[in-house]
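In: Provide a 3D model corresponding to the input given below.
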Amino acid sequence: MLAELRAERARVEEAILVIERLAHAHGKRRGRPPAWMTALGDSGPKRRGRPPGSKNKPKVEAST
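Out: Predicted coordinates:
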């Protein structure tokens, strides 16, 4: 029974490694990531628009 459990654990660990390799594929991929991959790294609602602190600065008149 212990041998069967150890074999099952080895198969599960191998499956985990394969899935991690797929999730962290080498290089950047083009296009939108799959929904399951974005759900893994979802830290909260997405913010839209300009980032804070990037407002248009008032133009300083040039001295002539």
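In: Around E20, how many other residues sit close by?
Out: Using other C-beta atoms under 10 Å, E20 has 9 neighbouring residues. All C-beta spots, glycine's among them, are computed from the backbone N, C-alpha and C.
In: Roughly how far does it sit from M37?
Out: Distance of E20 to M37, given as C-beta to C-beta, to the nearest Å: 12 Å.
In: And A23, by the same measure?
Out: Counting by C-beta to C-beta, the gap from A23 to M37 is 6 Å.
In: Stretch 37-47 spans what distance, first to last residue?
Out: By C-alpha to C-alpha, to the nearest Å, the extent of stretch 37-47 from end to end equals 19 Å.
In: pLDDT averaged over that stretch - what is it?
Out: Averaging pLDDT along stretch 37-47 gives 68.
In: ditto for stretch 22-34
Out: So the average pLDDT for stretch 22-34 ends up being 74.
In: Also stretch 54-64?
Out: Mean predicted confidence for stretch 54-64 is 70.
In: send the alpha carbons of it over as CSV?
Out: Provided in CSV are the C-alpha atoms of stretch 54-64 (Å, rounded to 0.1, in the frame of the first residue of the first chain):
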residue,chain,number,x,y,z
SER,A,54,0.8,61.2,-14.7
LYS,A,55,-1.3,64.3,-15.1
ASN,A,56,-0.5,66.8,-17.7
LYS,A,57,1.9,69.3,-16.1
PRO,A,58,1.1,73.0,-16.5
LYS,A,59,3.3,74.6,-19.2
VAL,A,60,5.9,77.0,-17.9
GLU,A,61,6.1,80.1,-20.0
ALA,A,62,9.5,80.5,-21.6
SER,A,63,11.3,83.7,-20.7
THR,A,64,12.3,85.7,-23.8
